[in-house]
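Q: need a structure here:
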Amino acid sequence: MNHMNWQVQKQNQPKLSFASYKFVRSHQSYCQRTNKRMIDIRPILLFLLLILILFSSLVLTADNVIAVSSIRSDDLTAFDLTNVNRMMIIAPHPDDESLGSAGLIQAVRKNGGEVYVVVVTNGDGLSAGPTFSNYKLLPVSDDYIEYGRERQQETIKALSILGISEDKIFFLGYPDSSLQSIWSSPWIDSNLYGRFTHVSKSPYELTYNKKSIYQGVDLYHDLFQLLTDLQPDLVIVPHPEDTNSDHRAVSNFAQFTVADYESKNSTAIRVFGYLIHYPGYPVSEVTGNNSAILPPAALSNNGQKWLNYAIQADEFLLKKTAIKTYKTQQKLRSKYLNSFARTNEIFFELPEIQLPLLAFEQISDFELEQTNNITIYDSVKEGFQKITISGADLVSIQVGRLADKVCLIAETRGHLHKWISYRIFVKLSDGRTFEEKENLNPSLLPDRYFMSCFSLDEMGNPDVIGFSAETWRGSAMIDTTSWHFAILSHPD
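A: Residues are numbered from 1 along each chain as shown. Alright, predicted model coming up:
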């Protein structure tokens, strides 16, 4: 366009009326104000982004801090296997028994003891399992069942390397990734199905009790029957603070049945926990016979009640070979699995609690004075809400008994809040659960404690009980103690 044409077009443009001119100026002013506001918001958005990044870094750092051990392997007591004649290892999934206890298995056998392995699920609840293992892009229930069969065979092969024959391996066939639901749901008529197998009882040929269905009472009875048949003097179970829900549920069922068995048979069984899942654990996922595995700082308890088994050179090689046998899992997380092949294995003592007619025990997260020196560490993984809301951060739970009353007192790090819900639970061996969450802070207690008492008569005078405490904010649970189990003495 030349200069002359531009002038002509400019002259031919219609002139704006006063009203039109006023509208255009108003619109321009609005746009300028909007742009200015947008410019003012940008520093705020940048600040919020930095806060989010800082918070994410804080969470990752916290995970590493609670995982890095504050003790050395020399601080742990050596595991004395002198009087171990029959050991039972209870594993939530195929491979857990080898990851946590392959060295101990070999040591007990060398000393002439018998070893039995109970595998509660077949690991058939991993969504990507059939895809990575058998290249099933859209796996159906039959594919997951076949995947479970593969994992059974891997367990049989791995344990044969460690010297365990197939007749000493018991597959219970309960649903993977659903054991916490079995623990928490009503134990009878719960109508639970496998997450991916879509069945309500074990579909596997290798199943300990084919009549069992997916409900708590059957799992409890299967474990109790195995204790009766095998009569172990040492039982190895998942650590109650393991962050995998299946592991925590198996630990609960196992400890509960052992306590019930002891109460009914006037016998004593030593119980120890092995840890597989915890944030940042095991630290430094490396293999090699120069690296030791140690308890996370948050669970270390200054080394007290942790036992250390120093693996011999030949045992180390066999453990490493056994772990490599789980090919379905090596495809998914080889570095993690192989990191358990270390110079040692560690186990946490889980003593039973005896409650005579007059008794008081305290189970604590911290160094507190305690009656009878019984200390069991509960969850100390500090989430954001527990750090900021001290009144929701549980640090201890106490259990006391006076005649036909059992009283539980839980302690928080800070003062109780009206907008936090405090709950105390008692569970019986038939699966019934009693809960109290109202008026739990009587005036006789400091405001960091909440309590509730339960009538043993109303509960049918049980021989054993389980108990725990929780804090909630609205519909979200903030903190929980692990479940603990007590044997109750009754007057003759």
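Q: neighbours around residue 400, how many?
A: Using other Cβ atoms under 10 Å, residue 400 is surrounded by 18 other residues. C-betas here are computed from N, CA, C, even on glycine.
Q: bridging residues for it?
A: residue 360, residue 407 (DSSP bridges).
Q: quick one, what contacts residue 97?
A: Taking Cβ atoms under 8 Å, 6 or more residues apart in numbering, we find residue 97 in contact with 89, 91, 105, 117, 119, 155, 159.
Q: what about the host helix or strand of the fifth one, distance to the chain center?
A: This points to residue 119. Secondary structure assigned from DSSP states H and E places residue 119 in strand 114-121. Relative to its chain's centre, strand 114-121 lies at 20 Å (Cα atoms, centre = their mean, to the nearest Å).
Q: quick one: mean pLDDT for the next helix or strand along the chain from it?
A: Once the chain leaves strand 114-121, the next helix or strand it forms, by DSSP H and E, is helix 129-134. The predicted model assigns helix 129-134 a mean pLDDT of 91.
Q: identify all contacting residues around helix 129-134.
A: Contacts of helix 129-134 (Cβ under 8 Å, 6+ apart): 123, 136-137, 139, 143-144, 146-147, 150, 327-328, 331-332.
Q: go through the contacts of residue 97 and name the one nearest residue 435.
A: residue 91 (30.4 Å; Cβ to Cβ).
Q: now the closest one. Nearest residue, chain neighbours left out?
A: residue 97 (4.0 Å; Cβ to Cβ, 6 or more residues apart in numbering).
Q: tell me which residues of the helix or strand hosting that neighbour are tucked away?
A: Using DSSP H and E, residue 97 sits in helix 96-110. Using 16 or more other Cβ atoms under 10 Å as the test for burial, helix 96-110 gives 96-108.
Q: dump stretch 140-151 to CSV, restricted to CA.
A: Provided in CSV are the C-alpha atoms of stretch 140-151 (Å, rounded to 0.1, in the frame of the first residue of the first chain):
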residue,chain,number,x,y,z
VAL,A,140,-8.1,-60.8,32.6
SER,A,141,-8.7,-62.7,35.9
ASP,A,142,-7.3,-65.9,34.5
ASP,A,143,-4.1,-64.1,33.6
TYR,A,144,-3.7,-63.0,37.2
ILE,A,145,-4.3,-66.5,38.5
GLU,A,146,-1.7,-67.8,36.1
TYR,A,147,0.7,-65.1,37.4
GLY,A,148,0.0,-66.3,40.9
ARG,A,149,0.9,-69.8,39.9
GLU,A,150,4.2,-68.6,38.5
ARG,A,151,5.0,-66.9,41.8
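Q: what is the mean pLDDT for that stretch?
A: The model assigns stretch 140-151 a mean pLDDT of 97.
Q: what's the burial count for residue 163?
A: 14.
Q: quick check: it touching residue 108?
A: No - Residue 163 lies out of contact with residue 108 (Cβ atoms under 8 Å); the separation is 9.8 Å.
Q: list residues touching both of those two?
A: residue 115.
Q: show me which residues of stretch 458-478 are buried.
A: Buried, per 16+ other Cβ under 10 Å, within stretch 458-478: 462, 463, 464, 465, 466, 467, 468, 469, 470, 471, 472, 478.
Q: which other helices and strands contact the helix or strand where residue 254 lies?
A: Assessed by DSSP H and E, residue 254 sits inside helix 245-265. If you count contacts as 3 or more Cβ pairs under 8 Å, 6 or more residues apart in numbering; DSSP states H and E, helix 245-265 packs onto strand 86-91, strand 114-121, helix 179-184, helix 216-230, strand 234-238, strand 270-274, strand 464-473, strand 484-488.
Q: the same query, at a cut-off of 7 Å, please.
A: Contact here means 3 or more Cβ pairs under 7 Å, 6 or more residues apart in numbering; DSSP states H and E; on that basis helix 245-265 packs against helix 179-184, helix 216-230, strand 234-238, strand 270-274, strand 464-473, strand 484-488.
Q: restricting to C-alpha, output it in CSV.
A: Taking C-alpha atoms only, helix 245-265 is exported to CSV below (Å, rounded to 0.1, in the frame of the first residue of the first chain):
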residue,chain,number,x,y,z
SER,A,245,-0.8,-52.8,54.2
ASP,A,246,-0.6,-56.5,53.5
HIS,A,247,2.5,-56.8,55.7
ARG,A,248,0.8,-54.9,58.5
ALA,A,249,-2.3,-57.1,58.3
VAL,A,250,-0.3,-60.3,58.3
SER,A,251,1.7,-59.1,61.3
ASN,A,252,-1.6,-58.4,63.1
PHE,A,253,-3.1,-61.8,62.3
ALA,A,254,0.1,-63.6,63.1
GLN,A,255,0.7,-61.9,66.5
PHE,A,256,-2.9,-62.4,67.4
THR,A,257,-3.0,-66.1,66.7
VAL,A,258,0.3,-66.7,68.5
ALA,A,259,-1.0,-64.9,71.6
ASP,A,260,-4.2,-66.9,71.4
TYR,A,261,-2.3,-70.2,70.9
GLU,A,262,0.0,-69.4,73.9
SER,A,263,-3.0,-68.6,76.2
LYS,A,264,-4.7,-71.9,75.3
ASN,A,265,-1.7,-74.1,75.5
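Q: so what touches that helix?
A: Residues outside helix 245-265 that contact it (Cβ atoms under 7 Å, 6 or more residues apart in numbering): 90, 92-93, 120-121, 176-177, 179-180, 182-183, 219-220, 223-224, 227, 235, 237-240, 242, 268-269, 271, 273, 276-277, 350, 352, 429, 463-464, 466, 483, 485, 487.
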